[in-house]
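>>> Here is my input; please provide its structure:
(chains A and B)
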Amino acid sequence: MELLRQLLAVFEQEFSAMLASVESAIAKGDAAELEKAGHKIKGSLLQFSAHDAAEAAQQLEILGRNGTVNGAPGALGTLKRAVGLVLKSLHVLTGEQAGNDRHAGKV
Amino acid sequence: MATLVMDRGQATLISVLLVEDNPVDSTMIRGLLRAPSAGLRCGHVSRLAEALEYLERERPDVVLLDLNLDDSCGYETFRSMREAAPRTAILVLSGSDDEELAIRTVREGAQDYLVKGSFDGKLLLRAIRYALERKYSEEALRQSETTVRAIFENSLDGIVIFENSGECIEANAAAAALVGVAREELIGRRLCDFCEKSFKKEWEGLSAVQSGRGQFWVNLSNGRRRLVDYCFTANVLPGQNLAMLRDVTEQQNLEEQLRQSQKMEAVGRLAAGVAHDFNNILGIISGYAELLQLQAAHAGDRARAEKIISATEKAASLTRQLLAFGRKQAMTLKLLELSQILDGLSSMVRCVMSDEVQVTVHAEEGLGLVRADQSQLEQVIMNLATNAREAMPEGGKLTITVEKQRIAERTLDLPAGDYVCLSLCDTGTGMAPEVQARVFEPFFTTKKAGSGLGLSTVYGIVKQSGGYVTVQSAPQQGSTFRVYLPLAAGSEADHVTAPAPPISQLAGDETILLVDNEEDLRNATAEYLEGCGYRVLTAGDGREAIEIADKYAGPISLVISDIVMPKASGRGVLEHMRKTRPGTEVLMISGYANDDMARHGITLDPSCFLQKPFTFQALSAKIKEMVGKGSS
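Numbering: from 1, shown residues only, chains lettered A, B, ... in the order given. Below you'll find the predicted structure:
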């Protein structure tokens, strides 16, 4: 559980920078940058077994690989929503666990 | 080997480098590897450049490699890492959609790949350990292969790997050299294609046995043959057989040569022994014949006695040949110019040749001197010439050459050195190898009326003179005999042929002690010497001789003593006389050659020796020479 907490902390810390890369790639029309950023987010999400969110990130990666940023803003929206859900679930998981731990500590 | 690898892995911490630019992935993996039970030490970098530096500095055991980095992407990342650390186990971390690329890296040398998100700590650890172990095994295999390859390539013995059909699939350079072809020519062909036909069946039968050893002859393209020892092992790999090959031609030649020289040595000893006994008998016959001749009242009796003497001389010349072969013939070594000897002899050589044989002599003067016995050298030339004549019954050419030769490197027949070489080259019938092998053997002859002593005498004389004789021949292609005599130091040849001085006065009145265990010879000699006016004391062995000498009050001018006798030998007689009668001369006689004195530890001037059988005339001359010397 400690590792999961660490992972979550790192992900949250890095995710905003990853999103910034995607947004910058879309703004510049840089497909290669989009592919790279999408790939990185996908890999990170897979570490949490967040397959739906990873698939959304993969959409960005595939667009980039196909040499386009068209459709990327839509996919980015989907990704943000999916990641939001993942984070919420993870917080609940680690929070409950943490709560249980604290509770157990009081006994 | 595998056990060792595991032991090594467990004894020290496995050093792992994680190359991963995604912070989440790297946190996850490092987290999984952090457990103390993992036995790992994990370093982390996120760029290829850093990874290459780390490799150089830390030399980790295992690299966990993400292929997509900021400064390198895809297969290129793997290629760079593998080039930088070919001995390090690389485990590729791939995303789910680039598995194909990961599989390619495994084909190119990565130990394994793991799809991110699909493994837990246990799986990761196991993958790392297996990767490491596989890498160690691969390395051990690589080293073993390198060693085996080096042995294969550098072996002095030929090594051939061939299929059950007999076709070679691998051969080293030594094997190719053995059969005298290029390596590529050997591959795809059967070894027995290069061998004598008789071996084909044996070779084909080999596949039925597990292992075996044997020999075969290889026919080389230059017409020569090579004897090869082989050692065969079936199925070193399924359907692949191994043969180790060794050239033993020279060994075989040396063994053959040794056997031959031992045989010649033994026959030589036998011949010399027979000649020695025979000489004593001839001495008796010729001695009594001389006495008969001296005392004969009628001219007819004298002529008959002369016939007996002349027959014993012929017989003695035969025993001289036997002694020459046994290298026990008396020699008078002189510095000789071979071309001079040949020059003096060429008319006689032409005489013994039939008219159909054309004789050419090439003999320059001033080639250098050899140390040899003149009459023996003449005998060598005559025997070789006679042999050549008989090889050319229908005529031909005989070329006799004398030349100087420097042998730079030792050959089978000849040590290195400077030689004067006499060669006789005929265009006759030539000889098959099996005849050549026996040609110098005494009593070996291919002629109906040959004695088998001609060439064996040549062999004996040349050996005794410190030289070498070789023969080169092939059926219907003539023969060349070469006699190599070592070049002797010195610039001036000794005078050749010293004719025996005429015996004018053989009579004398001195006292002579005659010692010989051959009673008949002793009696005949004594009778002759007494007839010449000498006072003769006789003894049948050394001890008796010493007793007689001690008892005899008057002077004894000369002791004539045999060398080998029962009780006390000639040496004992000589030593006693030196002590008790220092003024007495001693003449040694023997059926062996003068080297018999040296063999029996007798230190006397070679001139104080007479070889049996001798004529009484020769004996008288010798006595005159010695007694005269003593009294002067």
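>>> Count residues in the vicinity of the residue lying closest to B:Gln477 once chain neighbours are set aside, would you?
Once flanking residues are discounted, B:Gln477 sits nearest to B:Gly430: 4.8 Å by C-beta to C-beta, 6 or more residues apart in numbering or on different chains. For the C-beta atoms, the positions are set from N, CA and C on the backbone; glycine is no exception. B:Gly430 sits with 18 neighbouring residues when counted by other C-beta atoms under 10 Å in any protein chain shown.
>>> for B:Leu114, same thing?
19.
>>> Surely it forms part of a strand?
Yes: under DSSP: H, G, I helix; E, B strand; the rest coil, B:Leu114 falls within a strand.
>>> Tell me the residues of chain B that contact chain A?
Proximity of chain B to chain A is confined to B:21-25, B:27-28, B:31-32, B:68, B:95-97, B:116-117 under the rule C-beta under 8 Å from any C-beta of the partner chain.
>>> Excluding chain neighbours, give the residue nearest to the closest residue to chain B within chain A in space.
The nearest approach of chain A to chain B comes at A:Leu46, 3.2 Å away (C-beta to the nearest C-beta). Nearest residue to A:Leu46, sequence neighbours excluded (C-beta to C-beta, 6+ apart): B:Gly117, at 3.2 Å.
>>> How about the secondary structure of B:Ala305?
When classified by three-state DSSP, B:Ala305 comes out as helix.
>>> That one touches B:Leu292, doesn't it?
Yes: with contact defined as C-beta atoms under 8 Å, B:Ala305 counts as touching B:Leu292 (4.3 Å).
>>> Of those two, which one has the most company?
For B:Ala305 versus B:Leu292, the count of surrounding residues by other C-beta under 10 Å is larger for B:Ala305: 20 against 16.
>>> So which residues of chain A form strands?
With strands called from DSSP state E, chain A shows none.
>>> Which residues of it lie near chain B?
Taking C-beta under 8 Å from any C-beta as the contact definition, chain A meets chain B at A:3, A:6-7, A:10-11, A:13-14, A:36, A:39-40, A:42-44, A:46-47, A:49, A:54, A:58.
>>> where's the dip in pLDDT among the residues of chain B next to chain A?
Lowest pLDDT within the residues of chain B next to chain A is found at B:Ser96 (65).
>>> that older thread, just list the residues touching the residue nearest to B:Gln477, thanks.
B:Gly430 makes contacts with B:Ala391, B:Ser473, B:Ala474, B:Pro475, B:Gln476, B:Gln477, B:Gly478, B:Ser479, as judged by C-beta atoms under 8 Å, 6 or more residues apart in numbering or on different chains.
>>> State the distance from it to B:His276.
37 Å (C-beta to C-beta, to the nearest Å).
>>> same deal with B:Leu237?
Counting by C-beta to C-beta, the gap from B:Leu237 to B:His276 is 68 Å.
>>> Between the two, point out the one with more neighbours.
More crowded of B:Leu237 and B:His276, by other C-beta under 10 Å: B:His276, with 21 against 8.
>>> what about the more buried one, is that helix, strand or coil?
At B:His276, secondary structure determined by three-state DSSP is helix.
>>> With the one 3 residues further on instead?
The assignment at B:Asn279 comes out as helix when based on three-state DSSP.
>>> that older thread, now do the SS call for the residue nearest to B:Gln477.
Using three-state DSSP, the structure places B:Gly430 in coil.
>>> Now do the same contact list for the residue of chain B found nearest chain A.
When distances are taken as C-beta to the nearest C-beta, chain B reaches nearest to chain A at B:Gly117, 3.2 Å away. The contact partners of B:Gly117, by C-beta under 8 Å, 6+ apart, come to A:Gly43, A:Leu46, A:Gln47, A:Ser49, A:Ala54, B:Ser96.
>>> Just give me the closest of these to B:Arg59.
Nearest to B:Arg59 out of the contacts of B:Gly117 is A:Gly43 (C-beta to C-beta; 28.1 Å).
>>> which regions of chain A lie under the pLDDT threshold?
Counting by pLDDT under 70, chain A shows low-confidence ranges at A:96-107.
>>> same deal with the stretch 101-250 of chain B?
B:207.
>>> now the strands for it?
Here the stretch 101-250 of chain B has its strands, by DSSP state E, counting those that start in this stretch, at B:112-115, B:158-163, B:168-171, B:211-219, B:225-237, B:240-247.
>>> and the third one, which residues are buried?
Read it as strand B:168-171. B:Cys168, B:Ala171 (16 or more other C-beta atoms under 10 Å in any protein chain shown).
>>> Run through who's touching it.
B:152, B:158-163, B:183, B:186-191, B:240.
>>> tally of neighbours for the residue of chain A closest to chain B?
A count of neighbours around A:Leu46, defined by other C-beta under 10 Å, yields 24.
>>> In contact with it, which residues?
Applying C-beta under 8 Å, 6+ apart to A:Leu46 gives the contacts A:Ala54, B:Gly95, B:Ser96, B:Lys116, B:Gly117.
>>> Could you measure from it over to B:Thr399?
In terms of C-beta to C-beta, A:Leu46 sits 99 Å off from B:Thr399.
>>> next one: B:Phe119
On the measure of C-beta to C-beta, B:Phe119 and B:Thr399 end up 93 Å apart.
>>> Now B:Gly188. Nearest residue, chain neighbours left out?
In space, and not counting its chain neighbours, B:Gly188 is closest to B:Glu167: 5.8 Å by C-beta to C-beta, 6+ apart.
>>> Surely that neighbour is in contact with B:Leu191?
No: in this structure, B:Glu167 is not within contact of B:Leu191 by C-beta under 8 Å, at 9.3 Å.
>>> Tell me which of those two has more neighbours.
Neighbours per residue (other C-beta under 10 Å) separate B:Glu167 from B:Leu191, with B:Leu191 holding more: 26 against 14.
>>> got a list of what that one touches?
Neighbours of B:Leu191 in contact, by C-beta under 8 Å, 6+ apart: B:Val160, B:Phe162, B:Gly166, B:Cys168, B:Val179, B:Trp203, B:Ala243.
>>> List buried residues within the residues of chain A next to chain B.
A:7, A:10-11, A:14, A:36, A:39-40, A:42-44, A:46-47, A:54, A:58.
>>> possible to save those residues as TSV with distance to B:Leu227?
Below are these laid out as TSV (distance: C-beta to C-beta, whole Å):
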residue	distance to B:Leu227
A:Leu7	78
A:Val10	79
A:Phe11	80
A:Glu14	80
A:Lys36	73
A:His39	72
A:Lys40	74
A:Lys42	74
A:Gly43	71
A:Ser44	76
A:Leu46	73
A:Gln47	74
A:Ala54	76
A:Gln58	75
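>>> picking that back up, which two of the contacts of B:Leu191 lie the greatest distance from each other?
B:Gly166 and B:Val179 (13.7 Å).
>>> So for those two, which residue has more residues nearby?
Using other C-beta under 10 Å as the criterion, B:Gly166 and B:Val179 rank with B:Val179 on top: 24 against 17.
>>> Quick check, the more buried one in contact with B:Leu186.
Yes: between B:Val179 and B:Leu186 a contact is recorded at 6.6 Å, counting by C-beta under 8 Å.
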